[in-house]
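Asker: Sharing a model prediction with you, sequence too.
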Amino acid sequence: MDTQSLQAFLAVADCQSFSRAADKLHLTQPAISKRIAVLEEQVGVRLFDRINRRIALTEAGHLLRPRARHILLAVDDSRRALANLSGKVGGRLSMATSHHIGLHRLPPLLRRYTQRHPEVQLGLEFLDSEQAYQGVLDGRLEIAVVTLSPEPHERLDVVPIWVDRMCFVCAADHPLHRAASLTLGELCQHASVLPGPLTFTRTLLRRRFESEGLRLTASMSTNYLETLKMMCRVGLGWSMLPESMISQDLVELDVATPPLYRPLGYLVHHDRTLSNAARCMIEALEQACDLGADYRATFTDQDITP
């Protein structure tokens with residue numbers, strides 16, 4: 001059972017298509033089909049049903065899928081461990097970040113990193129923080145630099161690096177601007193544009209409202225903070241944005257609630273052997289940290305008040 005056949009099997013299973021799997025692995029479709037045929041011959045069972053051009057895993061395919069992923073992760077882990085012995089910093093670093101952090105936090109750090117380690121092939125993906133978490137859990141990503149989850153995860157090492165003070169904001173000509181002070185209940189009576197319901201940022205905000213017995217609903221939502229800023233700026237509703245994103249055409253609202261903070265940082269799988277490239281990236285992130293030692297030592301899954 002060779003690793004190339006397992007890679008082809010997982011690609012077809014993930015893409016549910018031989019042609020898309022071929023594109024993903026930069027191979028021809030006949031080459032993918034041949035590798036699947038070889039694997040099916042080796043294991044002695046059919047792994048895919050092919051019905052009306054649709055691809056579906058058989059029961060055997062479902063059984064093999066997590067085991068194949070585990071085998072490939074173990075092989076990659078062994079390769080990294082052996083490569084680390086040389087002390088060289090090179091190879092591919094699979095890394096993800098959120099759009100907001102990629103735009104506002106990482107550029108100077110990435111510039112210094114690539115200058116210091118030109119042999120590293122940086123495979124940088126822009127993903128929602130929640131998707132990046134899953135990528136690290138699955139082993140597809142070696143490191144993610146994202147908004148940190150309000151909930152801890154036993155299989156991940158999560159380290160805060162920065163913190164965003166989140167602000168309630170509205171357009172300069174919005175009716176809420178005229179209010180001297182507001183309650184969370186009063187905000188609920190007005191249209192809002194907020195991060196998507198499954199995002200970590202929305203979870204922090206929802207918990208704040210729930211702590212006062214309020215149900216938070218959004219008139220519109222998107223996972224991109226720059227888009228939220230635009231929607232808020234043109235008067236579609238109030239929103240919550242990092243303090244660093246407030247511009248002259250937005251106004252911070254005085255809301256009677258304690259400050260709300262969200263942690264940003266990196267995460268890695270604690271069972272994974274990190275490459276030298278990943279270790280150097282972590283070192284660069286640690287050097288960029290603007291949090292005090294006391295903050296990091298007391299980091300919890302609750303709302304954060306430094």
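Answerer: Structure's in. What do you need? For clarity, every value in this text was computed on a predicted model and none was experimentally measured.

Asker: List the contacts of Tyr266.
Answerer: By CB atoms under 8 Å, 6 or more residues apart in numbering, Tyr266 lies in contact with 143-146, 158-159, 161, 282, 285. In short, each C-beta sits where N, CA and C put it, glycine included.

Asker: Go again with 10 Å.
Answerer: The neighbourhood of Tyr266, defined by CB atoms under 10 Å, 6 or more residues apart in numbering, consists of 95, 97, 101, 136, 143-146, 148, 157-161, 278, 281-282, 285-286.

Asker: what about it, distance to Leu27?
Answerer: When CB to CB, to the nearest Å is the yardstick, Tyr266 and Leu27 sit 33 Å from each other.

Asker: cool, Arg46 as well?
Answerer: Note on Arg46: its distance to Leu27, by CB to CB, is 21 Å.

Asker: Give me the more crowded residue out of these two.
Answerer: For the pair Arg46 and Leu27, the greater number of neighbours falls to Leu27 (18 against 14), based on other CB atoms under 10 Å.

Asker: tell me the mean pLDDT over the helix or strand encompassing Asp77?
Answerer: If you go by DSSP states H and E, Asp77 is part of helix 59-84. Helix 59-84 shows a mean pLDDT of 81.

Asker: If you count contacts, what does that helix end up packed against?
Answerer: Helix 59-84 makes packing contacts with helix 3-15, helix 29-43, strand 48-51, strand 54-57, strand 91-97, helix 276-288 when contacts are defined by 3 or more CB pairs under 10 Å, 6 or more residues apart in numbering; DSSP states H and E.

Asker: got the contact list for the closest residue to Ala144 other than its chain neighbours?
Answerer: Taking CB to CB, 6 or more residues apart in numbering as the measure, Ala144 lies nearest to Ala132, with 3.8 Å between them; neighbours along the chain are not counted. With contacts defined as CB under 10 Å, 6+ apart, the neighbours of Ala132 are 95-98, 125-126, 140-141, 143-147, 267.

Asker: cool, Ile71 as well?
Answerer: Contact analysis of Ile71 by CB under 10 Å, 6+ apart lists 1, 3, 6, 10, 64.

Asker: which one of the residues you listed is nearest Cys188?
Answerer: Ranking these by separation from Cys188, with CB to CB as the measure, puts Leu10 on top at 45.7 Å.

Asker: Just give the number of residues close to the closest residue to that closest one other than its chain neighbours.
Answerer: Distances taken as CB to CB, 6+ apart place Ala68 nearest to Leu10, at 5.6 Å, with adjacent residues excluded. Using other CB under 10 Å as the criterion, Ala68 is surrounded by 21 other residues.

Asker: isn't Ala68 right up against Leu6?
Answerer: Yes. With contact taken as CB atoms under 10 Å, Ala68 and Leu6 are classed as touching, separated by 4.5 Å.

Asker: So for these two, which residues contact both of them?
Answerer: By CB under 10 Å, 6+ apart, Ala68 and Leu6 have these common neighbours: Leu39.

Asker: top of the contacts of Ile71 by neighbour count?
Answerer: So for these (other CB under 10 Å), the most neighbours sit at Leu64, 22 neighbours.

Asker: From the contact counts, what lies against the host helix or strand of Glu226?
Answerer: When elements are assigned from DSSP H and E, Glu226 belongs to helix 225-233. Using 3+ CB pairs under 10 Å, 6+ apart as the contact criterion, the elements in contact with helix 225-233 are helix 99-104, strand 156-171, strand 193-194, strand 220-221, strand 239-242, strand 250-252.

Asker: could you dump that helix to CSV, C-alpha only?
Answerer: Extracted in CSV, the C-alpha atoms of helix 225-233 (Å, rounded to 0.1, in the frame of the first residue of the first chain):
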residue,chain,number,x,y,z
LEU,A,225,-14.5,42.5,8.7
GLU,A,226,-13.6,44.9,5.9
THR,A,227,-17.0,44.2,4.4
LEU,A,228,-18.7,44.7,7.7
LYS,A,229,-17.0,48.0,8.0
MET,A,230,-18.3,49.1,4.6
MET,A,231,-21.8,48.0,5.4
CYS,A,232,-21.8,49.8,8.7
ARG,A,233,-20.2,52.9,7.1
